[in-house]
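Student: Everything below, folded, please.
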Amino acid sequence: MHDNDLAVVDAAALGGLATLHLLGRRAREARTPAELDFILANESFQLAPYRQAALWWQRDGVGTLSGLSQTDGHTPFVQWLTRLCPAIDEQAGGQPFLPQPGGLPTDLAAEWEDWLPAHSLWLPLGPIGKPDSGGLLLARDDPWQEAEITLLGEWSGVWHHARLALARDTLGGRLAKSLRRATDLRSHIRALSPAQLPGTLSALRTRKGLRYLLALTAVLLFPVRLSVLAPGELVPAHPHVLRAPMEGVVAQVHVEPNQRVKAGTPLFSLDRAGLDARLAVAAQTLATTQAEYRQQAQQALFDARSKSRLATVQGSIGEKEAEVAYLRQQTERATLTATADGIVLMDAPSEWIGRPVVTGERLATLATEGDEELEAWLALGDAINLEPGAPVRLYLNTSPLDPVDARLRYVAHEAVQRPDGSYAYRLRADLAEGAARPRIGLKGTVKVSGGYTPLAWWLLRRPLAAARQFVGM
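Tutor: Just a heads-up that it's a prediction; the model follows:
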């Protein structure tokens, strides 16, 4: 190997170590487990490129996917990963592992090509077989190199150590420690004889364990407001939807997106070449029929046969007049105008020009300025009991420090399918009086507040729901 090659190898190794150092610092500076999981699933790309990443836990299943801020456990991809990851973790045996479809059960291997690239890498996290163990699945089109596997394995160890340290520092970690102390205290009391119990309880009154237990009980019974988060945006409250009146091709767009217009302003024009030709033919046919009627009327003065044909020709005139009137009406309808004053909400004009449309197809929406409301999508797992008038707050992505207050108007009874394939309940809320009125189309995170509940139920609601689905009771 030449000196230049050695220099390139050394530079690549130093670059990988520097990146590993920076990622380790990012992991130590993370404030929440969610932020830490996001770093592992998305920023590991700096060490070795990959197309997809999935973070799986023995207890919670698939928790984080690369490129997504939230993971919906009801999608087919996540459900398949939930069955795939335990099988890979069992084969890995606590070491970095390169899974192959041929080594998996038939039902999992058959769907591999539908969901993942050909080459994958499994990085175990935590002690194997423990409830808090898991793994990171990385997938890409190119084979994995030994240097990349070694570097990623070291990074997964650094990340897991940071996660354990963060768990100890969080409120949940301290509560879990207090619960373990309370469990040990309860076991000790049960082991005592009846004669020893009064004296032991008297002594326990001064012990920290009992004080911690009482404090923990008070905290768990403290009433808090049950709330859920959902993606949301500002939408028109009473929109005027503009739809194509007939089949045709869009010839011209007269307005720009977000333009303010008055009622009667032309918005779209459909191609009228075919209509104009049909109208000209119909008008000429009407003129011919009218000329024939005048000729028959003159002959009817002397010819009885011509008189009998007058009614037939007159009926043809009525038919042709109706056809001409219809074509003229269609020609006028080929130009769509604004039905009210408002703001035009539409795609780029270049996307519409030359595009064929069918009758009833949505072309644009007219929104009245200042007539906004809040729309959000509540995931199936976040559906709680919400009453009309419940407080709702929107934290806009563009201005997270200036929330928009609203009041819940309704929650849909049935979940509908969204473009990403997940199902959710549509939620609508009216903006509060005097609240800021940001422009329509801004997105953010919606916090919906329900009734008050003990802190213990607030903490255990999701785990109990997951356990119920798993047990089937």
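
Student: residue ranges for the strands of the stretch 251-400 of the chain, please.
Tutor: Along the stretch 251-400 of the chain, the stretches classed as strands by DSSP state E, counting those that start in this stretch are 260-261, 266-270, 335-337, 342-345, 356-357, 362-367, 372-379, 391-396.

Student: which residues make contact with the first one from outside it?
Tutor: What that stands for is strand 260-261. Applying CB atoms under 8 Å, 6 or more residues apart in numbering, the contact partners of strand 260-261 are V255, L267, A338, D341, G342, I343, V344, L366, E369. For the C-beta atoms, the positions are set from N, CA and C on the backbone; glycine is no exception.

Student: rewinding a little: let me know which of the strands of the stretch 251-400 of the chain is the nearest to G63.
Tutor: Minimum separation from G63 across the strands of the stretch 251-400 of the chain (CB to CB) falls at strand 372-379, 14.5 Å.

Student: Determine the set of other helices and strands touching that closest one.
Tutor: strand 223-236, strand 391-396, strand 404-411, strand 423-431, strand 443-454 (3 or more CB pairs under 8 Å, 6 or more residues apart in numbering; DSSP states H and E).

Student: and the second one, which strands flank it?
Tutor: Meaning strand 391-396. According to DSSP bridges, strand 391-396 has the following sheet partners: strand 404-411 (antiparallel), strand 443-454 (antiparallel).

Student: Nearest to V313, out of those?
Tutor: Using CB to CB, the strands paired with strand 391-396 put strand 404-411 closest to V313, at 61.3 Å.

Student: buried residues in the closest one?
Tutor: Neighbour counts over strand 404-411 (16 or more other CB atoms under 10 Å) mark V404, D405, A406, R407, L408, R409, V411 as buried.

Student: got the phi/psi numbers for M246?
Tutor: Dihedral angles of M246 (phi, psi; degrees, to the nearest 10) stand at phi -160, psi 170.

Student: Enumerate every residue touching it.
Tutor: L270, Q330, R333, A334, T359.

Student: How about W57?
Tutor: Counting by CB under 8 Å, 6+ apart, the residues that W57 touches are G63, D132, S133, G134.

Student: which of these are buried?
Tutor: Buried among these by 16+ other CB under 10 Å: G63, S133, G134.

Student: beta partners of the closest residue to the last one other than its chain neighbours?
Tutor: Counting by CB to CB, 6 or more residues apart in numbering, the nearest residue to G134 once its immediate chain neighbours are dropped is W57, at 3.9 Å. According to DSSP bridges, the partner residues bridging W57 are G61, G134.

Student: Compute the distance between W57 and G126, please.
Tutor: Distance, W57 to G126, by CB to CB, to the nearest Å: 9 Å.

Student: anything in contact with each of those two?
Tutor: Shared contacts of W57 and G126, counting by CB under 8 Å, 6+ apart, come down to D132, S133, G134.

Student: residues contacting L279?
Tutor: Contacts of L279 by CB under 8 Å, 6+ apart are V324, L327, R328, T331.
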